[in-house]
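*Asks:* what's the 3D shape of this:
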Amino acid sequence: MKKNKAGFAVFCFICGIIMGAIIGVLIGMFLFGNKTGQTTGETKEPVTVESEGQTQSGQEPQAETEADAREEDTISVITVGDQTISMVEMNVYLYQLRDFYTTQYGESPWNTTMDDGTLLGDYAKNELYNGLVRTEILIAKAGDYDVALTDEEKQQCADAAKEYIDSLGSAICQDFGLTLEGVTTVNEKEALSTKVYNAALDQLSSETGETSDEALAEAFEEQYAQWQSEYTVETDPIWDNIVVGSVG
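*Replies:* Numbering: from 1, shown residues only. Modelled structure (predicted):
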C-alpha cells in the first residue's frame, strides 16, 4: 500500500464525513497496491460498562449501568483548548471511518502493513486524531472571522442527522453507540468548521492576492501551523483504548 502524504486530505475527510454523503476523502491519502486476505472486523473497541453484582431479577444494577453509560457518553475524549469531543461524537466518527474503509477495501483491512511498516488501523486512528484536532481549532477561530451557523443551517444539520440515523436503523445505532444527538453535534461542528475554513481562505486571498487553490491551501497550512501552537491538546485514557477496526 502506498500513502499520499498530502495532509490537507485529512481535513477534507473530516469535513466531508458528515455533510451530504457524510464520508469524505481521508482515505484518498491511501492507495492500496494490493489487498490481502482478511477477516471480519469492526472499527472500534466499544467501551463497555459492566456492573458488579448483577442479579437476574434485581433492577438496581441495570439502572446503575445505564447511568454509568450516560456519564461515559459525556466524557471529553479529546480536548483542544476549550473545545471538547465527547464519546457520543467520537462514536459517529469511528463508525463512519469503519464504514468507508470496509466499503472501499473489504472487511477488516486494518492489519494491512503500509510501506513504512505502520498498520493501517494505527495510521487511520492517527489521521482521524489530526483531523479532529483541526476541526476543533477551526471552530475555536469562528469568532475571529465573525462566523456562526444560522438557524436554517442548524436545522439542516438536524434534518440530515435524523435521515442518517433512520437510514442506519436501530440495531446498528445501538451496536455502535450512535445517537441523534451525537450525529447532530458532529454535523454542526463540521458545518461550522467548513465556514471558518472558507472565511480563512477568503481572507488569505485578500491579503496575499493569491487565487489558485494550491497557493491558498499552502498559505492556510502555514496559518494553521501557527494556530496549533496556541492550543493544548489533551486526551482521556479512553482514546488510548480505542482500537480502529477491532471486533466489538
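
*Asks:* next secondary structure after the host helix or strand of residue 160?
*Replies:* Assessed by DSSP states H and E, residue 160 sits inside helix 151-168. The helix or strand immediately downstream of helix 151-168 is helix 170-176, counting by DSSP H and E.

*Asks:* okay, buried residues for the helix holding residue 160 please.
*Replies:* Within helix 151-168, the residues scored as buried using 16 or more other Cβ atoms under 10 Å are 154, 156-158, 160-161, 164-165, 168. C-betas here are computed from N, CA, C, even on glycine.

*Asks:* for those, give me JSON lines that also has pLDDT and distance to residue 188.
*Replies:* Listed next are these as JSON lines, based on pLDDT from 0 to 100; distance: Cβ to Cβ, whole Å:
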{"residue": "154", "pLDDT": "98", "distance to residue 188": "6"}
{"residue": "156", "pLDDT": "98", "distance to residue 188": "10"}
{"residue": "157", "pLDDT": "98", "distance to residue 188": "5"}
{"residue": "158", "pLDDT": "98", "distance to residue 188": "8"}
{"residue": "160", "pLDDT": "98", "distance to residue 188": "10"}
{"residue": "161", "pLDDT": "98", "distance to residue 188": "9"}
{"residue": "164", "pLDDT": "97", "distance to residue 188": "13"}
{"residue": "165", "pLDDT": "98", "distance to residue 188": "15"}
{"residue": "168", "pLDDT": "96", "distance to residue 188": "19"}
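
*Asks:* looking at those residues, which is nearest residue 111?
*Replies:* Ranked by distance to residue 111 (Cβ to Cβ), these are led by residue 168 at 26.0 Å.

*Asks:* distance of that closest one from residue 73?
*Replies:* Applying Cβ to Cβ, to the nearest Å, the value for residue 168 to residue 73 is 18 Å.

*Asks:* what about residue 85, which SS state?
*Replies:* strand (DSSP: H, G, I helix; E, B strand; the rest coil).
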